[in-house]
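>>> Give the three-dimensional model of this entry:
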Amino acid sequence: MPPAVAGGRSLLQTRHPARRFPNLLFTGAVAHPAIRGGSSYAGISPPSCNIHNSGMLSLYFTLGGAITVNWGFLLLRIAIGLSILTLLFLSQRFWYRALWRVTSHWGRVTLRVGARLAYIVLLLLTIVTLSQGLVFGRGAFARQSSTMTMITGLWFFSALFAYLAVKTVHGLERIWHLLHAAAVKNTLVPQSAAPGSSNTIAETVADPGRRYFFRAATAAAGAAPFLTAMYGFAAERLNYQVRRIEIPMHNLPSALDGMTIVQISDIHLSGYMSRAQVRRAVDMANDLGADLAVVTGDLITGSGDSISDCVEEVSRLHAPLGTWGCNGNHEIYARAEDEAAYLYSQAGMKMLRHESAQIKFKGASFNLLGVDYQRERTPRGQRQQTLSRVEPLVRRDMPNILLSHNPNTFNRAAELGIELSLAGHTHGGQIQVEILDHRLSPARFITDYIAGLYQRPLFAPAPNERAASNASASRVLSPSLFASPSGPMAHIYVNRGLGTVGAPVRLGVPPEISLIVLRTA
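Numbering: from 1, shown residues only. Here you go, the predicted structure:
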């Protein structure tokens with residue numbers, strides 16, 4: 001626990017839930033107790049198919065009545081992974097062949113061979129770095145060369161989207177050519193000559209204007225992703241922004257009205273994020289003078305990154321009520337969740353891991369909860385309930401604030417009566433484009449809560465499927481919307497995070513430091 005706050009402004013108490021819970025696996029309406037140890041299975045029960053509200057077909061196989069595997073979900077993940085790898089391979093082959101065609105016209109053999117060898121060497125280095133990145137930086141080379149890591153991310157990101165853009169232009173050109181040929185064929189009417197004479201043969205002449213247009217469009221489509229990626233890397237990725245949000249809370253004592261919380265999330269200290277950049281974000285957060293500081297997960301990206309360096313920078317956060325945090329999924333990937341909690345405690349901070357603390361401020365109290373990253377599916381693809389051990393920690397006599405890295409826990413949190421959830425994880429998608437007043441983000445594939453403030457009715461039953469929680473149950477709020485005629489509401493704020501994963505690029509979603517102001521609903 002953090003040291004007591006000077007002047008007696010905070011009173012911290014921690015509760016741990018009971019750890020005895022039955023471990024059950026469900027298939028349809030039948031519950032099978034989980035079997036531990038080396039059990040043998042006599043046979044395979046017939047598969048059962050379930051069609052959920054989202055329209056996705058889930059195929060479950062139960063082995064011996066004990067192990068249930070959702071092969072539909074696992075096969076979908078495998079198909080997505082193979083598709084991405086195939087696109088990466090095709091894009092690299094495309095640019096490899098393009099370089100060979102360009103250099104084939106060079107007169108000097110030394111220049112031609114030198115350029116090709118340099119490309120091959122750089123490509124091998126990027127492949128090695130990417131391979132190590134897929135195991136979250138466990139290789140020594142990835143730890144030593146942050147520059148190479150950034151080059152790798154930029155190259156694969158740019159080359160992939162440039163390849164797709166060029167192929168799109170080529171496809172449009174083929175479609176135009178087919179339509180033009182069909183139109184010309186329909187307009188040509190065979191002219192019948194006198195008996196015994198041959199028909200007139202019409203010839204079509206290639207349109208040079210069309211050819212030059214598509215050549216220029218192909219060049220622009222190939223160059224645009226590289227230029228855009230450089231802008232997202234050099235400018236928007238480092239454009240830290242402070243966002244102030246006022247959030248109405250049900251059951252908030254008047255003494256807590258106006259209390260401020262500064263939130264940072266998804267730091268991802270790695271080859272893409274240096275200690276100096278983290279220090280700058282922490283200094284900006286300190287300048288806000290918040291009463292409470294929280295860090296909602298993903299301190300690092302992989303096991304090759306120094307979590308001690310990140311915690312050392314985070315420990316520079318100053319707030320009267322202390323600095324609190326929760327683990328993200330990348331702490332799990334790096335197997336560093338225990339180390340993060342230990343380093344937090346050594347630095348006078350607190351990592352909440354399925355725990356709660358009652359904090360007193362200006363004579364009133366609130367309940368701060370925190371959980372490790374909540375998985376929505378088991379390793380075998382089965383859906384599982386999030387926040388399964390949190391209910392005993394929820395208080396009814398004071399407002400509750402939950403730190404949960406995964407925003408998809410919001411539905412369950414609202415059902416449990418948690419008035420406010422603070423999350424991250426999405427990075428806002430890292431890339432967001434707006435087309436016809438519609439914002440498109442890759443994060444839409446994993447959550448309905450991409451970035452910003454959302455609400456749903458307090459104590460409303462959580463839907464079985466995430467897709468069922470669309471606009472009818474949640475909607476984005478403007479900072480000035482304080483009340484809803486439908487009764488008390490639960491809220492979640494999803495921070496866009498500081499760092500990046502995959503490619504060191506942000507477009508349309510700059511990194512964020514949140515200043516949350518609590519208001520009485």
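>>> What's the first helix or strand after the top helix by length along the chain?
Determined from DSSP state H, the single longest helix within the chain is helix 146-187. The first helix or strand that comes after helix 146-187 along the chain, using DSSP states H and E, is helix 208-234.
>>> measure the spatially most central residue of the chain to residue 356 for me?
Nearest to the geometric centre of the chain sits residue 426, at 3.2 Å (CA atoms, centre = their mean). Distance of residue 426 to residue 356, computed by CB to CB, to the nearest Å: 25 Å. Any C-beta I mention is one placed from the backbone N, CA and C, and that applies to glycine too.
>>> Residue 390 too?
9 Å.
>>> what do those two both touch?
residue 369 (CB atoms under 8 Å, 6 or more residues apart in numbering).
>>> now the residue nearest to residue 356 when sequence neighbours are not counted: how far from residue 298?
Excluding the flanking residues, the one nearest residue 356 by CB to CB, 6 or more residues apart in numbering is residue 393, at 4.1 Å. Distance, residue 393 to residue 298, using CB to CB: 23 Å.
>>> What of residue 359?
Per CB to CB, residue 359 is found 24 Å from residue 298.
>>> Check residue 389 too.
22 Å.
>>> quick one, which of these two is more surrounded?
Between residue 389 and residue 298, residue 298 has the larger neighbour count (other CB atoms under 10 Å), namely 29 against 14.
>>> For that one, give me phi and psi.
phi 60, psi 60 (degrees, to the nearest 10).
>>> And what about residue 320, helix, strand or coil?
The three-state assignment at residue 320 reads coil, by DSSP: H, G, I helix; E, B strand; the rest coil.
>>> Sorry, slip of the keys, the one I care about is residue 365.
The local conformation at residue 365, judged by three-state DSSP, is strand.
>>> What's the separation between it and residue 359?
Counting by CB to CB - residue 365 and residue 359 are separated by 7 Å.
>>> What segments of the protein are helices?
71-103, 109-134, 140-144, 146-187, 208-234, 275-286, 307-314, 329-333, 337-346, 410-416.
>>> Just give me the lowest mean pLDDT stretch among those.
Note on the helices of the chain: helix 140-144 shows the lowest mean pLDDT, a mean of 40.
>>> My guess is residue 411 contacts residue 459. True?
No. Look at residue 411 against residue 459 with CB atoms under 8 Å: they stay out of range, at 11.7 Å.
>>> Show me which of these two is the more surrounded one.
Each of residue 411 and residue 459 has its neighbours counted (other CB under 10 Å); residue 411 has more, 28 against 12.
>>> Chain neighbours aside, what residue packs nearest to the more buried one?
With CB to CB, 6+ apart, the residue lying closest to residue 411 is residue 462, at 3.9 Å.
>>> any idea how far that neighbour is from residue 456?
Distance, residue 462 to residue 456, by CB to CB: 9 Å.
>>> who's more crowded, the two?
More crowded of residue 462 and residue 456, by other CB under 10 Å: residue 456, with 24 against 20.
>>> what sits against the residue nearest to residue 411?
Residue 462 neighbours (CB under 8 Å, 6+ apart): 411, 412, 414, 415, 469.
>>> ok, it to residue 408 distance?
The value you get for residue 462 to residue 408, if CB to CB is used, is 10 Å.
>>> likewise residue 258?
For residue 258, the distance to residue 408 - CB to CB - is 30 Å.
>>> which one of those two has more residues nearby?
The neighbour count for residue 258 versus residue 408, taken as other CB under 10 Å, is higher for residue 408 (21 against 13).
>>> right, and the more buried one touches residue 377 too?
No. Using CB under 8 Å, residue 408 is not in contact with residue 377, being 10.8 Å away.
>>> contacting residues around residue 254?
Residue 254 touches 364, 520, counting by CB under 8 Å, 6+ apart.
>>> let's see it at 7 Å
By CB atoms under 7 Å, 6 or more residues apart in numbering, the contact list for residue 254 reads residue 520.
>>> Report the separation between it and residue 435.
45 Å.
>>> go on, residue 503?
From residue 503 to residue 435 the distance is 21 Å (CB to CB).
>>> Which of those two has more residues huddled nearby?
Neighbour totals were compared for residue 503 and residue 435, and residue 503 leads with 23 against 7 (other CB under 10 Å).
>>> The more buried one against residue 155, yeah?
No. The criterion here is CB atoms under 7 Å, and residue 503 misses it with residue 155 at 9.2 Å.
>>> any idea of the pLDDT on the residue nearest to residue 356?
97.
>>> ok, it - how many residues close by?
Residue 393: 25 neighbours (other CB under 10 Å).
>>> right, and it touches residue 357 too?
No. If you go by CB under 7 Å, residue 393 and residue 357 don't touch, sitting 9.7 Å apart.
>>> if we can go back for a sec, quick one, phi psi at the residue nearest to residue 411?
According to degrees, to the nearest 10, residue 462 has phi -70, psi 130.
>>> Quick check: pLDDT value at it.
Per-residue pLDDT puts residue 462 at 81.
>>> measure it to residue 409 for me?
Counting by CB to CB, the gap from residue 462 to residue 409 is 9 Å.
>>> before we move on, back to that, how about TSV for the contacts of residue 462, with distance to residue 403 added?
Output for these, formatted as TSV (distance: CB to CB, whole Å):
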residue	distance to residue 403
411	17
412	14
414	15
415	18
469	21
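>>> re earlier: would you tell me which one of the helices of the chain is buried the most?
helix 410-416 (a mean of 25; mean count of other CB atoms under 10 Å).
>>> Figure out how far that helix is from the centre of its chain.
21 Å (CA atoms, centre = their mean, to the nearest Å).
>>> Please apply the same query to stretch 291-308.
15 Å.
>>> Find the nearest non-adjacent residue to residue 429, please.
residue 441 (3.2 Å).
>>> mind checking pLDDT for residue 206?
58.
>>> With residue 196 instead?
pLDDT recorded at residue 196 is 50.
>>> And residue 322, its phi and psi?
Residue 322 adopts backbone torsions of phi 90, psi 180, taken as degrees, to the nearest 10.
>>> what's around it, how many residues?
24.
>>> Check residue 260 too.
Neighbours of residue 260 using other CB under 10 Å come to 18.
>>> Show the contacting residues for it.
Residue 260 neighbours (CB under 7 Å, 6+ apart): 290, 291, 515, 516, 517.
>>> Which members of these are classed as buried?
290, 291, 515, 516, 517 (16 or more other CB atoms under 10 Å).
>>> Between these, which sits nearest residue 103?
residue 515 (53.7 Å; CB to CB).
>>> In space, what's closest to that closest one - neighbours in sequence excluded?
In space, residue 515 comes closest to residue 244 once its chain neighbours are excluded; the distance is 4.6 Å by CB to CB, 6+ apart.
>>> if I look at the one you found, how far off is residue 284?
Going from residue 244 to residue 284 by CB to CB gives 13 Å.
>>> try residue 501
Look at residue 501 and residue 284: by CB to CB, they are 22 Å apart.
>>> Having no further points to raise, I will conclude here.
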